[in-house]
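Enquirer: sequence first, then the predicted structure:
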Amino acid sequence: MFKHDEILLGKILGIEITLNYSWLLILAIFTVYLALTVFPAVEPTKPAALFFFMGLSGSILIFGSILLHELAHSVVAVRGGLAVKKITLFLFGGASRISEEPGTPQLEIRMALSGPVASLVLGFIFINIGLLVQHYYFNAHLTIALFTLVGLTNITLAIFNLLPGFPLDGGRVLRGILWLRSRDLKKATTQATNGGEIIAYLLIAAGILEIFFISFFGGIWLILIGFFLRQMARWSYTQTLANFALKNMTAMEIARPLVGVENNLSLTDFSEKAMNHEKFFLVQKGGHAIGIISAQILHKVTADEWAIRRVGDKSLPLGSFSRIRSGDAALEALKILQEKPNMPVLVYDQDGPVAIITFDEIAGFLSRPEFKPLNFWQSDG
């Protein structure tokens with residue numbers, strides 16, 4: 001099944017497993033790389049088709065291992081009371097979509113360590129399979145190389161992920177330890193993110209050196225990973241602090257109040273109200289709320305129809321929208337928007353719908369100076 005920019009593979013333990021289209025690119029690159037370099041060096045006389053088959057097998061086993069790495073994170077998160085919607089494999093590996101940040105540093109540390117532990121276990125399993133094949137079928141050089149390669153890749157993945165830079169697993173362990181010591185999540189996140197930036201710049205520098213002295217392909221890959229890690233460190237920093245702030249604010253504090261319009265108002269008159277830059281309006285009939293209309297509807301109706309069409313004709317019923325109470329945490333609105341990004345969230349008080357939250361309101365909140373990406377070596381003091 002295709003969903004936007006992802007392919008839904010199915011569910012494991014109730015968690016959606018999806019592939020981003022970028023994964024297909026890296027699968028092809030890995031397959032070709034293994035088929036043209038690694039396996040021909042093991043048995044150069046074998047046919048090229050066999051090398052490509054072994055390359056594809058190796059790529060699938062490696063990304064299957066990454067999936068199990070992410071599943072380990074997810075299982076620990078679920079046991080810790082967090083919801084996990086899906087796991088996505090993409091260009092640079094995999095990511096688990098967990099509903100919220102861990103509530104305690106202890107859970108943060110357990111979740112972070114579970115992935116590398118799974119990779120280490122898989123690494124030793126594959127290496128031992130290779131040793132068994134070597135013992136009983138010592139001439140099966142390509143098969144031995146395949147399992148050894150996958151095993152060593154898993155061990156390398158575990159070691160890399162344990163580097164102490166947020167948002168790598170090691171950086172999350174570091175943040176958990178700092179959080180445990182300081183009892184200050186924001187300070188711990190800032191310090192761990194600095195570690196992530198240091199590692200990102202070191203990877204970029206190592207990649208440049210590798211291009212000139214070892215391998216062009218390997219160097220480019222390290223540089224890409226470095227830039228990706230740098231961006232992820234900054235994005236994770238902003239997201240963590242924003243989630244923390246939204247959790248402690250009410251929905252009404254970030255919502256945009258709804259402006260009311262009568263359901264029998266013509267679209268011509270409605271267009272004048274929409275010029276005030278409001279995007280959504282509360283449609284009322286006799287003082288009672290009956291629906292929501294978007295200013296975008298004016299672009300979908302010809303100007304000739306504006307005079308004869310009424311607001312009520314083009315409004316959506318209130319039941320079409322998700323809703324939260326005005327006193328609920330603003331973070332709940334963000335969670336709903338992440339699930340249904342194209343539909344606003346209505347904010348209700350005791351009298352009915354009074355305000356609306358879209359990604360614009362969330363973005364406006366995140367534009368505050370305290371949520372801007374930190375500069376290298378920035379500290380909270």
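Expert: Thanks, I have it.
Enquirer: strands of the protein, start to end?
Expert: 2-3, 6-12, 15-20, 84-90, 93-98, 256-257, 259-262, 280-285, 288-294, 316-317, 322-325, 345-349, 352-357 (DSSP state E).
Enquirer: now for these, which one comes closest to L180?
Expert: strand 93-98 (19.6 Å; CB to CB). Heads up, the C-betas are built off the backbone N, CA and C, glycines and all.
Enquirer: outline the domain layout of this structure.
Expert: 2-162, 178-248, 252-366 (automatic domain parsing).
Enquirer: gap between E70 and K11?
Expert: Distance from E70 to K11, counting by CB to CB, to the nearest Å: 14 Å.
Enquirer: these two: which has the busier surroundings?
Expert: The neighbour comparison of E70 against K11 (other CB atoms under 10 Å) goes to E70, with 25 against 11.
Enquirer: that one is in contact with F90, isn't it?
Expert: No: contact between E70 and F90 fails when scored by CB atoms under 8 Å: they sit 11.0 Å apart.
Enquirer: about what we covered before: could I get the strands of the chain as JSON lines with distance to R110?
Expert: Below are the strands of the chain laid out as JSON lines (distance: least, CB to CB, whole Å):
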{"stretch": "strand 2-3", "distance to R110": "31"}
{"stretch": "strand 6-12", "distance to R110": "20"}
{"stretch": "strand 15-20", "distance to R110": "18"}
{"stretch": "strand 84-90", "distance to R110": "14"}
{"stretch": "strand 93-98", "distance to R110": "13"}
{"stretch": "strand 256-257", "distance to R110": "40"}
{"stretch": "strand 259-262", "distance to R110": "48"}
{"stretch": "strand 280-285", "distance to R110": "42"}
{"stretch": "strand 288-294", "distance to R110": "43"}
{"stretch": "strand 316-317", "distance to R110": "44"}
{"stretch": "strand 322-325", "distance to R110": "31"}
{"stretch": "strand 345-349", "distance to R110": "32"}
{"stretch": "strand 352-357", "distance to R110": "33"}
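Enquirer: mean pLDDT for the domains of the chain: which is lowest?
Expert: Among the domains of the chain, domain 252-366 carries the lowest mean pLDDT, a mean of 80.
Enquirer: residues contacting L229?
Expert: Counting by CB atoms under 8 Å, 6 or more residues apart in numbering, L229 makes contact with 165, 168, 196, 199-200, 203.
Enquirer: taking the residues you listed, please make a ChimeraX selection of just the buried ones.
Expert: Buried members of the contacts of L229, defined by 16 or more other CB atoms under 10 Å, are picked up in ChimeraX with:
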select :165,168,196,199,200,203
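Enquirer: just the contacts of L229 now: which is nearest M54?
Expert: Among these, and counting by CB to CB, the member closest to M54 is L203, at 28.7 Å.
Enquirer: R172 is nearest to which of the domains of the chain?
Expert: Comparing these by CB to CB, domain 2-162 comes nearest, at 3.7 Å.
Enquirer: quick one: distance of the closest one to the chain centre.
Expert: Centroid separation for domain 2-162 versus its chain: 18 Å, with CA atoms, centre = their mean, to the nearest Å.
Enquirer: gap between L146 and I62?
Expert: 10 Å.
Enquirer: what does L131 give?
Expert: 19 Å.
Enquirer: what segments of the stretch 101-250 of the chain are helices?
Expert: Counting by DSSP state H, counting those that start in this stretch, the stretch 101-250 of the chain has helices at residues 105-136, 141-161, 169-182, 185-213, 216-247.
Enquirer: just name the most buried of the ones you listed.
Expert: Among the helices of the stretch 101-250 of the chain, helix 169-182 has the highest mean neighbour count (mean count of other CB atoms under 10 Å), at a mean of 22.
Enquirer: packing partners of it?
Expert: Here helix 169-182 touches helix 105-136, helix 185-213, going by 3 or more CB pairs under 8 Å, 6 or more residues apart in numbering; DSSP states H and E.
Enquirer: next one: the last one to chain centre, how far?
Expert: I take that to be helix 185-213. With CA atoms, centre = their mean as the basis, the mean position of helix 185-213 lies at 20 Å from the chain mean.
Enquirer: in terms of secondary structure, what does it contact?
Expert: So helix 185-213, by 3+ CB pairs under 8 Å, 6+ apart, packs with helix 169-182, helix 216-247.
Enquirer: and of these, who's closest to F124?
Expert: helix 169-182 (18.1 Å).
Enquirer: residues in contact with the closest one?
Expert: Contacts of helix 169-182 (CB under 8 Å, 6+ apart): 102, 105-106, 108-109, 111-113, 115-116, 161-166, 185, 187-189, 191-193, 195-196, 199, 233.
Enquirer: related to what we said a few turns ago, right, and the helices and strands packed on helix 169-182 - which one's nearest I26?
Expert: helix 185-213 (16.6 Å).
Enquirer: and that closest one with helix 141-161, angle?
Expert: 140 degrees (axes from the mean of the first three to the mean of the last three CA atoms, to 10 degrees).
Enquirer: what angle do helix 185-213 and helix 169-182 make?
Expert: Using the same axes, to 10 degrees: helix 185-213 against helix 169-182 is 150 degrees.
Enquirer: pull up the distance across stretch 246-259, start to finish.
Expert: 24 Å (CA to CA, to the nearest Å).
Enquirer: try stretch 339-356
Expert: Stretch 339-356: ends 16 Å apart by CA to CA.
Enquirer: buried set for it?
Expert: For stretch 339-356, by 16+ other CB under 10 Å, it's 344-348, 353-356.
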